[in-house]
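J.: Provide a 3D model corresponding to the input given below.
(2 chains)
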Amino acid sequence: DAMVIQNPRYQVTQFGKPVTLSCSQTLNHNVMYWYQQKSSQAPKLLFHYYDKDFNNEADTPDNFQSRRPNTSFCFLDIRSPGLGDAAMYLCATSRGRRQDSYEQYFGPGTRLTVT
Amino acid sequence: ILNVEQSPQSLHVQEGDSTNFTCSFPSSNFYALHWYRWETAKSPEALFVMTLNGDEKKKGRISATLNTKEGYSYLYIKGSQPEDSATYLCASSLMDTGRRALTFGSGTRLQVQP
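T.: You can find the predicted model right below:
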């Protein structure tokens, strides 16, 4: 089945130690998104790629970076994780076409713990 | 700033009860309203995408309505079953260059007791 895959499902990192979360998709979608969800809060968009075009949200901290080396893969890099970065990180994709109303398809998320 | 609000935050019902929850969003510059179901340890699953005022969509026992003029959407579940237990998220997007981007509410957590 075509899907959005996130690895790992659970990630533990130390305060200040760089960490990378990975997302891959078999849907061949143009757009890939990264969301952060802290406990009981709304998922918050960090950034998205339309093909290779990177779109950063205005309030995303500089500590968060992303790479999209090809259509299938997208990475979230946290350069110096703080305790406040512990959260669920969701990756999503969409075709990016208006007639699809930009419906998004989600992976299961990576839960990040910072010790 | 686009604020999407959902109520209630959580809900406990008995198997067989019908239930509904609300999503409110700013009505200006509206493009689309999405509903997702998110079961524990699984991916959020799209239920509905609605764009037109007065839209009503149905999938099995679940249905949704949309009022873009007043900025709200209702999700209804008829005859709740334990497998309906999940967090239900709504999200809105705007009619501008950022319409790909969704702004989510914090969800309604539904627990259905057998």
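
J.: quick one: low-confidence ranges for chain A?
T.: A:1-2, A:97-101 (pLDDT under 70).

J.: same thing but at 50, please
T.: In the predicted model, chain A carries no residue with pLDDT under 50.

J.: got the residues of it near chain B?
T.: Residues of chain A that fall close to chain B, judged by C-beta under 8 Å from any C-beta of the partner chain: A:4, A:31, A:33, A:35, A:40-45, A:48, A:50, A:55, A:57, A:90, A:94, A:96, A:98, A:101-109. (Glycine included, C-beta is placed from N, CA and C.)

J.: buried subset of these?
T.: Burial by neighbour count, 16 or more other C-beta atoms under 10 Å in any protein chain shown: within the residues of chain A next to chain B this picks out A:4, A:31, A:33, A:35, A:42-45, A:48, A:55, A:90, A:94, A:96, A:101-109.

J.: Mind checking which of those residues are in strands?
T.: Under the assignment DSSP state E, these contribute A:4, A:31, A:33, A:35, A:44-45, A:48, A:55, A:90, A:94, A:105-106 to strands.

J.: Same list (these) but as a markdown table, adding distance to residue B:63.
T.: Converted to a markdown table, these look like this (distance: C-beta to C-beta, whole Å):
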| residue | distance to residue B:63 |
| --- | --- |
| A:4 | 26 |
| A:31 | 28 |
| A:33 | 27 |
| A:35 | 26 |
| A:44 | 28 |
| A:45 | 28 |
| A:48 | 30 |
| A:55 | 34 |
| A:90 | 26 |
| A:94 | 24 |
| A:105 | 22 |
| A:106 | 22 |
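
J.: Among those, which one lies nearest to chain B?
T.: Top of the list for closeness to chain B, among these and by C-beta to the nearest C-beta, is residue A:106 at 4.3 Å.

J.: how about the nearest residue to residue 113, chain neighbours excluded?
T.: By default, I'm working from chain A. Leaving aside its chain neighbours, residue A:113 sits nearest to residue A:12 (4.6 Å; criterion: C-beta to C-beta, 6 or more residues apart in numbering or on different chains).

J.: that's the other chain; I wanted chain B
T.: Per C-beta to C-beta, 6+ apart, closest to residue B:113 is residue B:14, 5.4 Å.
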